[in-house]
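A.B. asks: Okay, here's the prediction I keep looking at, along with the sequence it came from:
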Amino acid sequence: MPGSVSGLIVLFPLAGWLINGLAGGRLPARAAAMIGSASVGLAFVVSVVSILDPRVWQDGITTRLFTWIDAGEFTVEASLLMDPLSALMALLVSGVSFLIHVYSAGYMAGDPAQSRYFAYLNLFVASMLLLVLAGNLVVMFVGWELVGLCSYLLIGFWFERERAANAGRKAFVVNRIGDAGFLLGILLLAVTVNSLDFVNLSASAESIAVPVATAATLLLFVGATGKSAQLPLYVWLPDAMEGPTPVSALIHAATMVTAGVYMIARLQALFFRAEVTLSVIAAVGALTAFFAATIALVEHDLKRVLAYSTISQLGYMFLAMGVAAAPVGMFHLTTHAFFKALLFLAAGSVMHAMHDVIDMRRLGGLARPMRWTALGFLIGAAALAGFPLTSGFFSKDLILERAFAHAEGGLTLLLWIAGVLTAFVTALYITRAAILTFAPPPSHQDHPHEAPPTMTWPMAALAALALGGGILGAQAAGAPLLHALDAFFHVEESGAAKSVPALALTIVSATAALLGILAGFGLYRGRRDVSLGALGNLFRRQWFVEDLYEVVIVEPSKRLAHFLAGTVDLQIIDGTVNGVAAGFKRSSAALRRVQTGYVRNYAAVVLAGTVLLLGYWLTR
Amino acid sequence: MIIPAQYYLTISAVLFTLGMVGVLVRRNALVIFMSIELMLNSVNLTFVTFARQLAAIEGQVAVFFVVVIAAVEVVVGLAIIIAIFRTRSTVDIDDVDLLRG
């Protein structure tokens, strides 16, 4: 059947998972790495081949594998959909994942559980590809849950460390909360619209009642906040840094956290029906972007800085979704995948060289011994900061432009202001991270060495993409540079397009970024610790969000658990059981006295019984 | 001379009571055993009395059954008493109280 190649994209990593998972222990470690990387590489090749089909660019190709649920009028096919949106994601996921797999081969060399690692990694990629290629919400939900499972497995990969095991559990639990919302959204759509197919949903979006659409999209958005680490469900992502660094790169760049953004882009038509939801998304996105950026400013752990940076950048993407500019959000997703993967790989390279030291207070001066890593990190940092002409600059600028265009004065302009402020803080914190890590003087006695080629080459490829990826969707004077990619990134103008002072906005956001970089140099050059006063304390306490969780959820849950364990279980349930047993014991202790062991007593009882019976009969 | 039935029945009741009191108050297993035989035979006497008075054969048949069962019971009972005597060197029924609760 033509068009069934999209199945292969998922199948290759899945096969890699099976081989590594079942036979990996018997294979040499290098073979596990080879199989893992090759399977994802093949998935990338198939993705490239599949987009050559012109039908992808028209209506998309739907591949029906089998009918999964057939309940009267309601049917769910196990189907895959290949259209420009999913093609973009498939290319991105498989491409970036391939580079991370290659990098992992170097990073994880020497780890005794390499085959398990690559098996999980392959399953992760397969799940994410299933998620992005899904033809309906149910198949997407399968991928959605699988990436949650894989993140749990990989974050807790070094499960013998208690912190890693706890972080994995936290990720799983927090994701479950979001998933519950997602599932409810799906069920609501199934009940009201009677179809979960993406093509159908998009086509019939206009006929869905606004309240239903609002409720459904809000529920789906709850799922997105869990998976894409937005306020208030972001808490799992910083802790997810306990996993191996390439896993962090994978989670943050290509898989997992982008799922929520992708889901909203996929169901754009539905979300457009729900104005309220869009406003909520935009607000949550802008708030998260600023909030996470400020925390990244005071974190000491390099990887946690990057984690908060991811949360912040995801906030940007949600902001784009919320201002009805999904393609722009996808553009930022793409560039972010490049530069964030690069930053994480560079951070991993630092950890590799410094024997797992990742606290920036104990780093510094690494630019000289680790020239390539430092260069890669700098390129990634520049792109993240939105330094003009890097990829991040274009996408971030477009988001801010759309946010400005969307604003109708007053409160809605706050979205744009938050975006610009975040751009400033972003530039500041990544400059700080770069200076603390790479600029002299070193605050360690180590002799770091540059990473092996399997680790530097993927970084080089990502660096090229992070630098040049901007032209993919960049706009010059309101028109895309590359019209060939319109299907990916072009925003359909809806209604009367407002004229936007694009150049002025670009200057504003670029100035914010440059000011941030300059401020970073001014603040942190030659200094290791800058407290930032009371504001810094607020940021360090994460705006008291973790404390709020502690007070509102964790402590009451613990107290409830203690109550259930101590009072309900030990006293009520065990008390009932033990009480019944004790009652029988006491009554039997009384009854046993009847058994004297003297035959004469028994005979007397028999006599008494006989007399009683006779008396009864005689007097009746 | 015909002796009225109540004489027989009175003797039977006396014998039965003697046996019953014997079972309840004596300690020696053999004496208890004999007391039981006494009770059985007092009942036999009652059976025979009524069989004769009512001219029914069933009462005499019942007596045969009781005699046969009593013989069997004696065999088993004596065997048990001997077994107890061998292990405990006593036939005092109060010393055998393994089933005391």
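C.D. replies: Nice, thanks for sending it over.
A.B. asks: Tell me, how many residues neighbour residue 93?
C.D. replies: Using chain A. Counted by other C-beta atoms under 10 Å in any protein chain shown, the residues lying close to residue A:93 total 32. In short, each C-beta sits where N, CA and C put it, glycine included.
A.B. asks: my question was about chain B
C.D. replies: Neighbour count for residue B:93, taken as other C-beta under 10 Å: 20.
A.B. asks: does it really touch residue B:30, like I thought?
C.D. replies: No - between residue B:93 and residue B:30 there is no contact under C-beta atoms under 8 Å: 9.9 Å.
A.B. asks: what about the helices in chain B?
C.D. replies: Taking DSSP state H, the helices of chain B run over residues B:5-25, B:29-54, B:58-88.
A.B. asks: Select, out of these, the one closest to chain A.
C.D. replies: helix B:5-25 (5.3 Å; C-beta to the nearest C-beta).
A.B. asks: Model confidence at the closest residue to residue A:59 other than its chain neighbours, what's the number?
C.D. replies: Closest residue in space to residue A:59, ignoring its immediate chain neighbours: residue A:83 at 7.3 Å, by C-beta to C-beta, 6 or more residues apart in numbering or on different chains. Here, the pLDDT recorded for residue A:83 equals 83.
A.B. asks: and residue A:276, what is it in contact with?
C.D. replies: Counting by C-beta atoms under 8 Å, 6 or more residues apart in numbering or on different chains, residue A:276 makes contact with A:214, A:218.
A.B. asks: Helix, strand, or coil at it?
C.D. replies: Under the three-state scheme (DSSP: H, G, I helix; E, B strand; the rest coil), residue A:276 adopts helix.
A.B. asks: cool, the one 3 residues further on as well?
C.D. replies: On the three-state scheme (three-state DSSP), residue A:279 is labelled helix.
A.B. asks: Pretty sure it sits against residue A:322.
C.D. replies: Yes - with contact defined as C-beta under 8 Å, residue A:279 counts as touching residue A:322 (6.8 Å).
A.B. asks: more crowded one of these two?
C.D. replies: Each of residue A:279 and residue A:322 has its neighbours counted (other C-beta under 10 Å); residue A:322 has more, 27 against 15.
A.B. asks: State the helix or strand in which the residue nearest to that one when sequence neighbours are not counted lies.
C.D. replies: The shortest distance from residue A:322 to any residue other than its chain neighbours is 2.6 Å, reached at residue A:282 (C-beta to C-beta, 6+ apart). Following DSSP states H and E, one finds residue A:282 within helix A:275-296.
A.B. asks: residues in chain A within reach of chain B, list them.
C.D. replies: Chain A comes close to chain B at residues A:591-600, A:603-604, A:607, as judged by C-beta under 8 Å from any C-beta of the partner chain.
A.B. asks: where does the residue of the stretch 301-450 of chain A found nearest chain B fall, helix, sheet strand or coil?
C.D. replies: For the stretch 301-450 of chain A, the residue closest to chain B is residue A:356, as judged by C-beta to the nearest C-beta, at 70.2 Å. Under three-state DSSP, residue A:356 falls in the coil class.
A.B. asks: Pull up the gap between it and residue A:242, please.
C.D. replies: According to C-beta to C-beta, to the nearest Å, residue A:356 and residue A:242 sit 11 Å apart.
A.B. asks: Comparing the two, which residue is more hemmed in?
C.D. replies: Set residue A:356 next to residue A:242 and count neighbours by other C-beta under 10 Å: residue A:242 wins out with 24 against 9.
A.B. asks: Where does the prediction get shaky in the stretch 301-450 of chain A?
C.D. replies: A:409-410, A:444 (pLDDT under 70).
A.B. asks: mind redoing it with 90?
C.D. replies: Along the stretch 301-450 of chain A, segments meeting pLDDT under 90 span A:301-308, A:310-311, A:316-378, A:380, A:382-425, A:427-450.
A.B. asks: Kindly report the same for chain B.
C.D. replies: B:1-5, B:26-27, B:29, B:52-53, B:55-56, B:88-101.
A.B. asks: Would you mind listing what in it touches chain A?
C.D. replies: B:20, B:23-25, B:32, B:93-94, B:96-101.
A.B. asks: Mark which of those residues are buried, thanks.
C.D. replies: With neighbours counted by 16 or more other C-beta atoms under 10 Å in any protein chain shown, the residues of chain B next to chain A contain buried members at B:20, B:23, B:32, B:93, B:96.
A.B. asks: okay if I get the residues you listed as CSV plus distance to residue A:208?
C.D. replies: Formatted as CSV, these follow (distance: C-beta to C-beta, whole Å):
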residue, distance to residue A:208
B:20, 95
B:23, 94
B:32, 96
B:93, 93
B:96, 90
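A.B. asks: wait, which of those residues is closest to residue A:16?
C.D. replies: Minimum distance to residue A:16 across these is 79.9 Å, recorded for residue B:96 (C-beta to C-beta).
A.B. asks: And the strands in chain A, which stretches?
C.D. replies: Using DSSP state E, the strands of chain A run over A:61-71, A:74-82, A:475-476, A:479-480.
A.B. asks: what angle separates the second one from strand A:61-71?
C.D. replies: For strand A:74-82 against strand A:61-71, the angle by axes from the mean of the first three to the mean of the last three C-alpha atoms, to 10 degrees is 160 degrees.
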